[in-house]
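The following comprises the amino acid sequence and a computationally predicted model.
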Amino acid sequence: AQSVTQPDIHITVSEGASLELRCNYSYGATPYLFWYVQSPGQGLQLLLKYFSGDTLVQGIKGFEAEFKRSQSSFNLRKPSVHWSDAAEYFCAVVGNNNDMRFGAGTRLTVKP
Amino acid sequence: GAVVSQHPSRVICKSGTSVKIECRSLDFQATTMFWYRQFPKQSLMLMATSNEGSKATYEQGVEKDKFLINHASLTLSTLTVTSAHPEDSSFYICSALQGAFFSGNTIYFGEGSWLTVV
């Protein structure tokens, strides 16, 4: 079955600094990858997704992610973090049964 | 606006009782619905996949007799937590899909339902 790994449980960055959240996937075929953000007590918001084509994907709120097949990675980046970006971030992958599986999540704290 | 609606958004029930959570697709026919469970500060864990008119497929370790899933129509799936206990307290999220994902369709998530068992 497909799976994703998010190695970093918690990351702290200063406001205005750049951000990179890591995601590694395991899947036999071309993966369909997603990044979601979740604020405390809230549902999920889709940031971006990769299906095929250009390996650099642009999303909402200034986020982007790069698919690297050689590294089985789909890392999320943002050049300048805002305090409002503090949240939980989940990487996800869809498998053959249309089922979406999530990584453990990375909690982002933004220092003033 | 929301295309998948969950109800109730929050529910408190007494231990030993059953509680039902609804997941509705508002403007499309959801041939497949998924139910997830999320404990505080943890990830979303897939509980089961349900296809309209068929029995749900449960993930390993999920008790099918405790978490009853019904997907009787193309716009409604329900999750019933039977004989709820405090350890069932969690955030439950559904998602819905029309057709096959790999045909270019989108998976939509509900806003989630908080269950507290006291």
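That came through fine.

wouldn't B:Ile21 be in contact with B:Cys13 here?
No: B:Ile21 is beyond contact range of B:Cys13, at 10.9 Å (criterion: C-beta atoms under 8 Å). (Glycine included, C-beta is placed from N, CA and C.)

shared neighbours of those two, which are they?
By C-beta atoms under 8 Å, 6 or more residues apart in numbering or on different chains, B:Ile21 and B:Cys13 have these common neighbours: B:Leu115.

Comparing those two, which residue is more hemmed in?
B:Ile21 (24 against 16; other C-beta atoms under 10 Å in any protein chain shown).

Can you tell me the element that one falls in?
Using DSSP states H and E, B:Ile21 falls within strand B:19-25.

how about the residues of chain A that lie near chain B?
A:32, A:41-44, A:90, A:94, A:97-105, A:107 (C-beta under 8 Å from any C-beta of the partner chain).

returning to what we had before: okay, now the sheet partners of the strand holding B:Ile21, with direction.
strand B:4-7 (antiparallel), strand B:76-81 (antiparallel) (DSSP bridges).

contacts for the first one?
Judged by C-beta under 8 Å, 6+ apart, the contacts made with strand B:4-7 from elsewhere in the structure are B:21-26, B:30, B:92-96, B:108-113.

so what's the nearest residue to B:Phe34 once chain neighbours are set aside up against?
Distances taken as C-beta to C-beta, 6 or more residues apart in numbering or on different chains place B:Ser95 nearest to B:Phe34, at 4.6 Å, with adjacent residues excluded. Going by C-beta under 8 Å, 6+ apart, B:Ser95 touches A:Met100, B:Val4, B:Met33, B:Phe34, B:Tyr36, B:Ile107, B:Tyr108, B:Phe109, B:Gly110.

now A:Pro40: how far from A:Tyr50?
Going from A:Pro40 to A:Tyr50 by C-beta to C-beta, to the nearest Å gives 27 Å.

So which of the two has more stuff around it?
The residue with more neighbours, out of A:Pro40 and A:Tyr50, is A:Tyr50; 21 against 10, by other C-beta under 10 Å.

Isn't A:Phe51 up against A:Pro31?
No: checked against C-beta under 8 Å, the pair A:Phe51 and A:Pro31 is beyond contact range at 9.3 Å.

Please enumerate the shared neighbours of those two.
Common neighbours of A:Phe51 and A:Pro31, counting by C-beta under 8 Å, 6+ apart, are absent.

which stretches of chain B have low pLDDT?
By pLDDT under 70, the low-scoring segments of chain B are B:1-2.

Identify the nearest residue to the most centrally placed residue in chain A in space, disregarding sequence-adjacent positions?
By C-alpha atoms, centre = their mean, the mean C-alpha position of chain A lies nearest to A:Trp35, the distance being 3.7 Å. Take A:Trp35 and drop its neighbours on the chain: the residue closest to it by C-beta to C-beta, 6+ apart is A:Leu47, 4.4 Å away.
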